[in-house]
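A.B. asks: sharing a model that was predicted from the sequence below.
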Amino acid sequence: MRILAQLLLPLATFSLVHAADSDRDFSGRWVLDSRAAAAAAELLLTVVQNPSTIRCYSSASDGSQGEWSYTLNGDESRYKLGEESRNSIAKWEGAALLINTIVNGPQSYTIMDRWRLSPDHSSLTITRQIVRASGQNEYSLVYYREGHTPPPAPDSRPVLVTRQPAPAPGGPADDEYIVPNGTHILLSLRNALDTKHSREGDRVYLETVYPVSAGGRMVIPRGSFVTGVVSQSKAAGTVKGKGEIYIRFDSLTLPNGVTRSFLSRLSNADTPNGKVDREEGKITGERDRSRDARTTAEGAGIGAGIGGIAGSAAGAPLKGVGIGAAAGAAAGLAGALSRHKPDATLPRGSTVEMVLDRDLRYQRAELFR
């Protein structure tokens with residue numbers, strides 16, 4: 001029975017890993033649903049993907065074409081589109097791909113994309129934020145696989161959200177204070193999170209634990225407010241067994257009300273039940289492996305015994321016992337694991353660390369409000 005349990009577990013785990021990999025595969029020809037597009041974009045997007053690179057080919061309504069690529073190992077990608085020079089960095093956030101791009105050309109701006117496939121992989125949604133000197137726009141682009149019929153058009157077009165920009169740098173250089181990209185900021189969590197109850201889109205509220213200085217003065221005081229979002233949450237499963245929660249931080253507000261927006265990741269956390277992946281900004285629940293091994297063997301053995309009895313009672317003593325034992329072992333294995341699901345938890349008051357993905361710039365006048 002122990003051997004049977006050992007055979008069943010890798011097979012079930014393989015199917016889950018394969019499904020997760022397919023959620024990260026954007027390969028294909030994608031046609032923009034222009035009825036729901038809130039901004040001009042490529043009408044046709046062809047994606048060729050391998051484990052290390054995503055290569056994109058685009059066609060626009062004016063007949064122009066583009067070609068570029070993103071590396072998936074965290075390295076910077078440099079390329080040109082028309083008169084623009086672009087530098088992009090891509091990183092995974094669960095099944096979503098985050099792409100930050102700095103654009104230099106006739107106009108300089110920043111693009112922040114989040115790519116995510118639908119559950120049936122028939123559509124690709126790119127949530128896009130564009131930050132310019134004049135403000136920040138947010139919208140979504142929905143692409144469908146070529147040949148796939150999209151659902152009926154929505155009743156209304158998406159709303160284009162415009163946020164007020166940060167004040168443009170001006171005056172003497174010593175009037176500007178910069179908290180640089182890569183700065184680690186320690187935060188205290190104000191609302192509890194866990195993979196059993198938290199869902200994608202739930203807001204996260206935090207406060208800074210220690211002040212942050214720049215240019216010889218305190219710029220971000222202790223008690224400044226930070227908000228974020230649960231970008232993905234998965235409760236512990238019955239076979240793979242580990243809950244996963246992804247957290248993304250999106251704004252910091254000083255006590256005087258001055259706010260900056262960004263997309264920063266979780267770097268560390270003092271979670272009592274979980275392991276932090278710094279590259280993807282996720283927390284994974286941990287289980288007691290020694291207890292699992294004992295419980296799994298016992299559960300599989302009991303299940304196999306019950307399955308064997310059921311198979312024999314069905315009237316096929318030899319063949320029935322084999323089939324019944326296998327089915328019973330699988331049921332016993334699932335039952336044994338489901339009783340010890342390791343959900344990741346972050347209680348209220350937990351200390352977490354975020355890493356800035358861009359410079360935060362403040363003018364002297366803002367700090368003295």
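C.D. replies: Right, received. Where do you want to start?
A.B. asks: make it CA atoms for all contacts and neighbour counts henceforth
C.D. replies: OK.
A.B. asks: where do the strands sit along the stretch 51-200 of the chain?
C.D. replies: 53-59, 65-71, 77-81, 84-93, 96-104, 109-117, 123-132, 135-145, 161-163, 176-179, 184-189, 193-194 (DSSP state E, counting those that start in this stretch).
A.B. asks: and for the nearest residue to H184 once chain neighbours are set aside, the neighbour number?
C.D. replies: In space, and not counting its chain neighbours, H184 is closest to V355: 4.6 Å by C-alpha to C-alpha, 6 or more residues apart in numbering. V355 has 20 neighbours, counted by other C-alpha atoms under 10 Å.
A.B. asks: can you check the one 5 residues further on too?
C.D. replies: The burial count assigned to L360 is 18, neighbours taken as other C-alpha under 10 Å.
A.B. asks: wait, which of the strands of the stretch 51-200 of the chain is closest to P211?
C.D. replies: Minimum separation from P211 across the strands of the stretch 51-200 of the chain (C-alpha to C-alpha) falls at strand 184-189, 8.7 Å.
A.B. asks: what helices or strands is the closest one leaning on?
C.D. replies: Applying 3 or more C-alpha pairs under 8 Å, 6 or more residues apart in numbering; DSSP states H and E, one finds that strand 184-189 contacts strand 203-208, strand 351-355.
A.B. asks: adding mean pLDDT, write those out as a markdown table.
C.D. replies: Compiled in a markdown table, the helices and strands packed on strand 184-189 are given as follows (pLDDT from 0 to 100):
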| stretch | mean pLDDT |
| --- | --- |
| strand 203-208 | 93 |
| strand 351-355 | 90 |
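A.B. asks: follow-up on the earlier one: between the strands of the stretch 51-200 of the chain, which gets nearest to R265?
C.D. replies: Here strand 84-93 is closest among those (C-alpha to C-alpha), at 9.2 Å.
A.B. asks: tell me the strands beside the closest one, with direction?
C.D. replies: Strand pairing for strand 84-93, using DSSP bridges, gives strand 77-81 (antiparallel), strand 96-104 (antiparallel).
A.B. asks: which of the residues in the first one are classified as buried?
C.D. replies: Right, the one you point to is strand 77-81. Within strand 77-81, the residues that count as buried by 16 or more other C-alpha atoms under 10 Å are S77, R78.
A.B. asks: average model confidence for that strand?
C.D. replies: Regarding strand 77-81, the rounded mean pLDDT is 91.
A.B. asks: sort out which residues of stretch 360-369 are buried, please.
C.D. replies: Buried, per 16+ other C-alpha under 10 Å, within stretch 360-369: L360, R361, Y362, Q363, L367.
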